Structures are given as C-alpha cells and as structure tokens.
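>>> structure for this input, please:
(2 chains)
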Amino acid sequence: MWDIVQNNWELLLIGQYPHGPIGGLVATLGLAAVSLLLAIPFSIVLALGRMSPYKIFYLPASGLVFVVRGLPLLMFIFWAYFFVPLIIGRPVAGATTMIVALVCYESAYLAEIIRAGVQSLPPGQQEAGRALGLSYMQTMRRIILPQAMFNMLPSMLSQFISTVKETSLAYVISVQELTYAANQVNSVLLTKPFEVFGLLALTYFVLNLSLTGLVRLTERRVEKKRLGRQMPTPAATEVQA
Amino acid sequence: MNYEFDFAAIFTGEYPALMLRGLLTTLALTGLAWVLAMGLGSVMAVIRLTGSRTANAIIWTFVAFHRNVPMLVHIMLWYFGIGAILPISVGDWLNRNGSEFILAMIAIGLVMSAYVTEDLRSAVRAIPGGQMEASRALGLSYLQSMRKIILPQAFRIAIPPLLNQTLLLFKNTSLAMAIGVVELTAAGREIENYTFRTFEAFAVVTVTYLCISFLIMWAGSVLARRYQFIGRR
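Model (predicted):
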C-alpha cells in the first residue's frame, strides 16, 4: 500500500499542477473553502428572509430552503453543468460548475445554521439596538450578526466538513480533485483497487477526523468566551463592593 | 436564451418506462438501505449502551469511519475495492444478480447506520435512568427492558432526527449512479443523452425528487406530532 503513496503522492496531493489544473487534496480543500465562503452572503440573505415577519420575504426564502433540502446535490451539479454555460454564454471549467452547485446547496443549509444562531441570542440585544436608534439593518449588521456568527463558528466548521465530503461528487463531472485523482491512479494500476480506494477513504478519514477535533476545540473556546462575557457573578460583585 | 420547451419529446416511446424504472430503482434502493441502516443502527446502539469497552471501541471506529468519509468513496470502495477481493463464487453470484445495486445498497446502508446509531444513542441517553432501574426491579432482563421499555421511548424521541436521515438517505441514493446503477438521476441523464432535451429531462427528475422529499418531510411532521410525549405537548 505504501508504494502506491510513494509513486503517486504528487497526483493525489496537487494533481497535475504545475503542468495542468491544480487537483488532488489541495483542490478538494480549495473547492470546499471557496464554496463555503461564497455561500455565506447568500445564506445571510436567506436567513434574514426566513426570520422576516413579512410574507413576501418569508415565503420565497422558506420555499428555497425546502426545495434545496429536498433535492440531491447531484441534481444541482447537473443543473449547473448544463445551464451555467448557457446563461453566461461560454464554456466554464468543471471546478466553477462545482462551486456554483455547492454555493446553491450550502447556502440553504448555512442559512438554517445562521437562523438558529440569531434566534439563540437573547431578544434584548435586538430590542436594545433598536431602542438606541439603530435601524433593523444596522442592528443586524453591527449587533446581532457579529455575535451570532461567532457563536456559530463550530457549526460553520462542521458544515465545512460536510462540504469537504460533498466535493467528492465533483468526480461525476470530471473535476480533478482527490476522488478523481484516486480513480486515475486506480485506472493506471488496475490490479490494486482495494488498496487505492482504501487509501482514498483513509485520507478523507484522517482529514475530517482532524477537522472534527478542530470543531471540538472551537466549541470549547466559544463556550469559554460566551461565559466570560456574561455579567459578573454575584460573588464577584460582592467582593468588589 | 431562446429555447423551445418540448415536454412531449421525453414522454414518448420508451422514455416514460425508463424514467419509471429509474424511480422504482431509487425507491427500492432507499427501502432496502433504510432497513439495513435501521437494523444495524439499532443493534449497534444497544451494543454501545451495554458498555463493553472493546465493543465500544469497535463501534466508535465504525461510526467515525462512516461519518468522516464521503458516501461516494464508500460506494467506490465497495464496488471497485471490496468487489475485487471477494471470493470468486461470491463475486460471480453478485455479478449475476446486479452487483452495482447490491453493493451500493450495502454501502449506503452502512453509512446511514452510523448516523442512525448516534441518533438512537443520544435518544436513549435522554431517557431517565430510573426507567431502566424500574424495569429491572420489576424482573425484566436487560434485553427485555431494552426492547419493551427503553427502545420504544427512545424511538419516539429519535423520530425527527431519524426522518431527517431518511430524507438524506433518499437523496443520497442518487450517488449510486456513479457506479452504473440506473436510478432516477441516471435515467434522467440517459433520456437527456438520447433526446438532447436537457431542461425537460432534468425538470421531470427534479420534480419527482421534490415530491417524494416533501412526502417524507410531511410524514416526518405528522409522525413527530402523533408520537410526541403527552407531557411535552
């Protein structure tokens, strides 16, 4: 098994770069990171729509979230694969297609995370912001969202892990990421499919398990900071007085 | 974009039958993988709760492995990898009976069983310890109290997360097309290949997925309401 790594580590790590597009593990992580970052603005808009008391915002946003939840990611990939070139009028790279599909898909899931984050803040924050004369948008941008996004860091990271797993679907439209690279290695070697795919699974396993560790770490830090920010305990005030 | 819609093109000849076969394959894959996931998931949850350290470690590894590796990779591992190292007689039997379908079903079922186990375990932990103590005190054996007292309550708590997993499982069966199972997505792509009616073929597939997904979501909300604990209503 080790000789497979030794002979193919470059392809599995960075693909054919610098002689071709970047691929392998780096492309997998890059696709996931770019998609998730691009999805954040869309998901904030969707989350605001989901929390809106006005039906013209609430209904379309909720409809969109439910539709995305009800469809397989593969369908988004195929829709993007055929319609992104039609809409912008020229052929696009497979990676772009994958990013478009992932942004659409992840926005809905992220929106639900952000909504949960905003709703878990004490309502007094919103009320105090409005009472100080800030508009709804100002309150959201300056008071609510910064706190909610910080508290949601662990969930965002978990979503990043899911996105890393979902980038493997880019294989279906021949984007050169880790799963595609492993398939390339397999079709060269031909005789060792179990080793190659076992190695592929192991790579994802180690990567995502370390990311899960990172999630735990962030969870603890966020928790600590949230507790630290609360009002001083009665005992502490007594000592001060 | 000047595109003329022509839904008639994909509703003629053999295409509706192809689409229907795809849908039935998707449903069969969903159903069988669901049974595997629920069965194995419950068994593993019970084993994890009995507290043998070795068994716990094994199941922890199983769950971590299946949750951290993409389902597509699991499907490939089963189809290309494990399919290749199976004894020849088993391999022959699989090939005669549609190995893609069976191996995809096993892979999807195993991945989902890892999620089901975790959901059930957290549901069981949400049940007060007094329930188990009371049923043991009444003379039921450990397995009897599990089966008659703890698990029926745990399933109730677990209904919302389990239905969410069912929805995910249904959606994820589309990945089986990567190894050549002609389920709904693959049928749509085939029709699109023959007719060049991309929009129409995908629209029909999309609407079909949505209908079934909404059905599962609706069933979820109904079940959740129906089996709520009376005290928590």
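>>> can you pull out the helices in chain A?
A:2-14, A:24-51, A:55-70, A:73-88, A:94-119, A:123-131, A:136-138, A:145-151, A:153-166, A:178-189, A:193-229, A:234-240 (DSSP state H).
>>> go on, chain B?
Remark: helices assigned in chain B by DSSP H are B:15-50, B:53-68, B:71-76, B:83-85, B:88-96, B:99-125, B:129-137, B:142-145, B:151-172, B:184-195, B:198-226.
>>> pick the most deeply packed of these.
Comparing these by mean neighbour count (mean count of other C-beta atoms under 10 Å in any protein chain shown), helix B:71-76 comes out on top with a mean of 26. C-beta: built from backbone N, CA, C; applies to glycine.
>>> low-confidence bits of chain B, can you list those?
B:1-2, B:229-233 (pLDDT under 70).
>>> got TSV for the helices of chain A, with mean neighbour count and mean pLDDT too?
Listed next are these as TSV, based on neighbours: other C-beta atoms under 10 Å in any protein chain shown; pLDDT from 0 to 100:
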stretch	mean neighbour count	mean pLDDT
helix A:2-14	15	84
helix A:24-51	20	95
helix A:55-70	16	95
helix A:73-88	19	92
helix A:94-119	22	95
helix A:123-131	13	93
helix A:136-138	12	93
helix A:145-151	16	92
helix A:153-166	20	95
helix A:178-189	21	92
helix A:193-229	16	91
helix A:234-240	9	49
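>>> need those helices in JSON lines (columns: distance to chain B).
JSON lines is the format used below for the helices of chain A (distance: least, C-beta to the nearest C-beta, whole Å):
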{"stretch": "helix A:2-14", "distance to chain B": "13"}
{"stretch": "helix A:24-51", "distance to chain B": "10"}
{"stretch": "helix A:55-70", "distance to chain B": "3"}
{"stretch": "helix A:73-88", "distance to chain B": "4"}
{"stretch": "helix A:94-119", "distance to chain B": "11"}
{"stretch": "helix A:123-131", "distance to chain B": "23"}
{"stretch": "helix A:136-138", "distance to chain B": "31"}
{"stretch": "helix A:145-151", "distance to chain B": "21"}
{"stretch": "helix A:153-166", "distance to chain B": "4"}
{"stretch": "helix A:178-189", "distance to chain B": "6"}
{"stretch": "helix A:193-229", "distance to chain B": "4"}
{"stretch": "helix A:234-240", "distance to chain B": "31"}
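>>> next, format the helices of chain B as a markdown table and append distance to A:L189.
Formatted as a markdown table, those follow (distance: least, C-beta to C-beta, whole Å):
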| stretch | distance to A:L189 |
| --- | --- |
| helix B:15-50 | 30 |
| helix B:53-68 | 23 |
| helix B:71-76 | 14 |
| helix B:83-85 | 12 |
| helix B:88-96 | 19 |
| helix B:99-125 | 20 |
| helix B:129-137 | 52 |
| helix B:142-145 | 48 |
| helix B:151-172 | 28 |
| helix B:184-195 | 27 |
| helix B:198-226 | 35 |
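>>> most centrally placed residue in chain B?
B:L169 (3.5 Å; C-alpha atoms, centre = their mean).
>>> so it sits against B:A114, correct?
No: the criterion here is C-beta atoms under 8 Å, and B:L169 misses it with B:A114 at 11.8 Å.
>>> and chain B, which of its residues are near chain A?
B:1, B:64-65, B:68-74, B:76-77, B:80-85, B:167, B:171-172, B:174-175, B:177-178, B:185, B:188-189, B:198-199, B:202, B:205-206, B:209-210, B:213-214, B:217 (C-beta under 8 Å from any C-beta of the partner chain).
>>> so what's residue 199 up against?
You didn't pick a chain, so chain A it is. A:M1, A:I4, A:V5, A:A182 (C-beta atoms under 8 Å, 6 or more residues apart in numbering or on different chains).
>>> hmm, I had chain B in mind actually
Residues near B:F199 by C-beta under 8 Å, 6+ apart: A:F82, B:Y3, B:F5.
>>> how far away is the residue of chain B found nearest chain A from A:L86?
Relative to chain A, the nearest point of chain B is B:S213 (3.1 Å; C-beta to the nearest C-beta). Distance, B:S213 to A:L86, using C-beta to C-beta, to the nearest Å: 26 Å.
>>> now B:I150
Counting by C-beta to C-beta, the gap from B:I150 to A:L86 is 55 Å.
>>> equivalent analysis for A:L227, please.
52 Å.
>>> swap in A:I143?
A:I143 is 42 Å from A:L86, by C-beta to C-beta.
>>> again, but for A:V222
A:V222 sits at a distance of 43 Å from A:L86 (criterion: C-beta to C-beta).
>>> and A:R90, which of the helices of chain B is closest to it?
helix B:198-226 (17.3 Å; C-beta to C-beta).
>>> would you mind giving the orientation angle of the closest one with respect to helix A:73-88?
Angle between the axes of helix B:198-226 and helix A:73-88 is 140 degrees (criterion: axes from the mean of the first three to the mean of the last three C-alpha atoms, to 10 degrees).
>>> got the angle between helix B:198-226 and helix A:55-70?
100 degrees.
>>> what's near enough to touch B:A33?
B:M105, B:I108, B:G109, B:M112, B:L169, B:T173.
>>> out of those residues, which is nearest to B:W60?
After measuring the contacts of B:A33 against B:W60 - C-beta to C-beta - the closest member comes out as B:M112, at 17.3 Å.
>>> for the residue lying closest to the residue of chain B closest to chain A once chain neighbours are set aside, give me its contacts.
Nearest non-adjacent residue to B:S213, counting by C-beta to C-beta, 6 or more residues apart in numbering or on different chains: A:G70, 3.1 Å away. Remark: with contacts taken as C-beta under 8 Å, 6+ apart, A:G70 is in contact with B:L167, B:K171, B:Y209, B:L210, B:S213, B:F214, B:M217.
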